[in-house]
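>>> Generate coordinates for the sequence data below:
(one chain, ligands or ions: 1)
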Amino acid sequence: MKILESHRAELEKIIKRLDSSFFYYDLDGLKDHLQGLSSIMQEDPDILLWYACKANPMSAVLKVFRNCGFGIDVASKGEIDQVLRSGIKPQNILSTGPSKSRKYLRELLEEDIQIVVCESLNQLYWLNDIAEALNTKPQVLLRVQMEWEDGESVLGGNEITPFGEDEQTWLTMDKRKVENLDILGLHVFQWGNILDIKRLENIWTKIASQGQELAKKLGIKPRVLDLGGGIGIPYHPSEKSVNFQDVHQVLKKLKKQNGWEKIWMELGRYAVGPYGHYMTQVIDRKTVRGRDLLILDGGVNHIVRPAITGQSFPVELFRKSNQDMIPFQIHGPLCTAMDNLGTLELPKDAGPGDWLCFHQSGAYGFTEGMPFFLCHNLAAEVIIYEGNVMIPRTPRKAEEWLV
Ligand SMILES: Cc1ncc(COP(=O)(O)O)c(C=O)c1O
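Numbers count the residues shown, from 1 in each chain. Next comes the predicted model:
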């Protein structure tokens, strides 16, 4: 979690050119990472990895996934349009998301997107009717919301959420109403950002065995089990990355022990998070009732995650300093105390004019922010690819989008 020395000179130029907060994505690092993952898929074709593009739908990012052999998971019409515009073929698209109307389901099939995760009985029956009308037979996964001992997660954990149906409800499925669908298996995903491989294994083991029983009761062949995402990335220096070889071993074991033919995942955070960085400038520094505060040009208007999860992105001072590190309470520019990026250690001489780099912000960054509140500039987006810098999105001023 350090700025690469090979990027530093380019970043200095970008700072001068844009003079406004920006994300930058290291697509060379992303490509290396994805090539590692796709070599595992090649070795074991029964394990299929998709990319959940909600994590970062920028076209340049999508193209790296496409070129590394990943299909894309979409969860909105906007994502479908973006993915198709980025040259991904409909047969390499998987559709998830709890809010699929009849109209949307029809659009999926009309676009020839034929793999659909149904998140309700309604969706399933609507899809069946549309498939009949269009004379096609889409492949379907039933999304199941299982009960757990307890626990919360961004994906709900044991909370009641809009994702999928419970097992009892799926058991009421009327098979006569799904004759135009090819039901491939189940999708279960309720736990996000987990770094402990043992914990992932425990969660997935329960899903695989309970899912197998459900499939039997439903009378469907256990072909595909989709485990969603959920592999974490370190946001704190004390945390360690998950090694995908370990994940692969666990998935292989699950498949063997529980009789699933194929295991799928749609990775978001783990696939792209470490390859994005958010750069913003320190505007002010003050000491309030004994605490050192930094106020930045950008905050949760650009990266909202710390306010939602209470978890900070790791930060680094862009300039080199050999001063001692001290804790700063770091705030963005919004007129709400919620615009708090955390209390993080920085060299004690950090202050106005300095730039900060927040790492691990390639996933759930740019598109998850609340960019319009208070009418600051939108964040720019910069890519570094084959060592070259491109600026596909310059900072947009409020006058460009306010009416
Ligand atoms: C259906 C689905 N699949 C995959 C993901 C990606 O999850 P992660 O970023 O934990 O890999 C998400 C994230 O919300 C999701 O909703």
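>>> did I read that right, residue 390 in a strand?
Yes. If the criterion is DSSP: H, G, I helix; E, B strand; the rest coil, then residue 390 is within a strand.
>>> Identify the bridge partners of it.
Taking DSSP bridges as the rule, residue 390 bridges to residue 383.
>>> Check residue 182 too.
Beta-bridge partners, per DSSP bridges, of residue 182: residue 139.
>>> for residue 262, same thing?
On the basis of DSSP bridges, residue 262 is bridged to residue 224.
>>> Now do it, the pLDDT please.
Looking at residue 262, its pLDDT stands at 96.
>>> Over to residue 101?
Residue 101 carries a pLDDT score of 98 in this model.
>>> So what's the residue count around it?
Per other CB atoms under 10 Å, the neighbour tally for residue 101 reads 11. For every residue, glycine as well, the C-beta is placed using N, CA and C.
>>> any chance you could read off phi and psi for it?
Dihedral pair for residue 101: phi -90, psi 170, per degrees, to the nearest 10.
>>> Low-confidence ranges, the stretch 1-150 of the chain, go.
The model of the stretch 1-150 of the chain has no residue with pLDDT under 70.
>>> Please enumerate the helices of it.
Under the criterion DSSP state H, counting those that start in this stretch, the stretch 1-150 of the chain contains helices at 5-18, 27-43, 59-67, 77-85, 102-110, 121-134.
>>> Same list (the ones you listed) but as JSON lines, adding distance to residue 334 and mean neighbour count.
Shown next, in JSON lines, are these (distance: least, CB to CB, whole Å; neighbours: other CB atoms under 10 Å):
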{"stretch": "helix 5-18", "distance to residue 334": "20", "mean neighbour count": "13"}
{"stretch": "helix 27-43", "distance to residue 334": "30", "mean neighbour count": "16"}
{"stretch": "helix 59-67", "distance to residue 334": "27", "mean neighbour count": "19"}
{"stretch": "helix 77-85", "distance to residue 334": "25", "mean neighbour count": "17"}
{"stretch": "helix 102-110", "distance to residue 334": "33", "mean neighbour count": "17"}
{"stretch": "helix 121-134", "distance to residue 334": "37", "mean neighbour count": "18"}
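>>> Show the contacting residues for the residue of the chain found nearest the ligand.
Of all residues in the chain, residue 229 sits closest to the ligand, at 2.1 Å by CB to the nearest ligand atom. By CB atoms under 8 Å, 6 or more residues apart in numbering, the contact set of residue 229 is 52, 189, 192, 265-270.
>>> Of those, which is the most crowded?
residue 266 (29 neighbours).
>>> Shouldn't that one be within a strand?
Yes. Under three-state DSSP, residue 266 sits within a strand.
>>> Roughly how far does it sit from residue 194?
15 Å (CB to CB, to the nearest Å).
>>> what's the answer for residue 176, then?
Counting by CB to CB, the gap from residue 176 to residue 194 is 40 Å.
>>> These two: which has the busier surroundings?
Ranked by neighbour count (other CB under 10 Å), residue 176 and residue 194 place residue 194 first, with 18 against 7.
>>> I figured the more buried one was touching residue 203, is that so?
Yes. The criterion here is CB atoms under 8 Å, and residue 194 meets it with residue 203 at 7.4 Å.
>>> contacting residues for residue 203?
Contacts for residue 203 (CB under 8 Å, 6+ apart) come out as 191, 194, 230.
>>> so it, which of the three states?
Classification of residue 203 using three-state DSSP returns helix.
>>> Let me know the average pLDDT across the longest strand seen in the chain.
Using DSSP state E, we find that the single longest strand of the chain is strand 276-288. Averaged over strand 276-288, pLDDT sits at 98.
>>> And for stretch 241-257?
95.
>>> Just the buried residues of that stretch, please?
Using 16 or more other CB atoms under 10 Å as the burial criterion, the residues of stretch 241-257 that qualify are 242, 244, 247-248, 250-251, 254-255.
>>> That stretch vs the ligand: in contact?
No. Stretch 241-257 lies apart from the ligand when judged by CB under 6 Å from any ligand atom; the minimum separation is 11.0 Å.
>>> what about stretch 306-314, how long is it end to end?
11 Å (CA to CA, to the nearest Å).
>>> no wait, stretch 301-310
Stretch 301-310 has an end-to-end distance of 15 Å (CA to CA).
>>> Likewise for stretch 380-397?
End-to-end distance (CA to CA), stretch 380-397: 10 Å.
>>> Which stretches in the stretch 251-400 of the chain count as strands?
262-267, 276-288, 291-296, 315-317, 325-331, 340-347, 355-358, 380-385, 388-393 (DSSP state E, counting those that start in this stretch).
>>> Could you save these as TSV and add columns showing distance to the ligand?
Output for those, formatted as TSV (distance: least, CB to the nearest ligand atom, whole Å):
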stretch	distance to the ligand
strand 262-267	4
strand 276-288	13
strand 291-296	25
strand 315-317	21
strand 325-331	24
strand 340-347	20
strand 355-358	18
strand 380-385	19
strand 388-393	22
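>>> Nearest to residue 307 among those would be which one?
Among those, strand 340-347 comes nearest to residue 307, with 6.6 Å by CB to CB.
>>> still on that earlier bit, any chance of CSV for the strands of the stretch 251-400 of the chain, columns distance to residue 223?
Shown next, in CSV, are these (distance: least, CB to CB, whole Å):
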stretch, distance to residue 223
strand 262-267, 6
strand 276-288, 35
strand 291-296, 49
strand 315-317, 45
strand 325-331, 48
strand 340-347, 44
strand 355-358, 42
strand 380-385, 37
strand 388-393, 39
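>>> Quick one: closest of these to residue 64.
Residue 64 sits nearest to strand 380-385 of all the strands of the stretch 251-400 of the chain, at 8.2 Å, using CB to CB.
>>> Could you check the angle the closest one makes with helix 5-18?
Orientation check (axes from the mean of the first three to the mean of the last three CA atoms, to 10 degrees): strand 380-385 against helix 5-18 gives 150 degrees.
>>> And the contacts of strand 380-385?
Contacts for strand 380-385 (CB under 8 Å, 6+ apart): 7, 10, 14, 18, 20-28, 58, 60, 366, 389-395.
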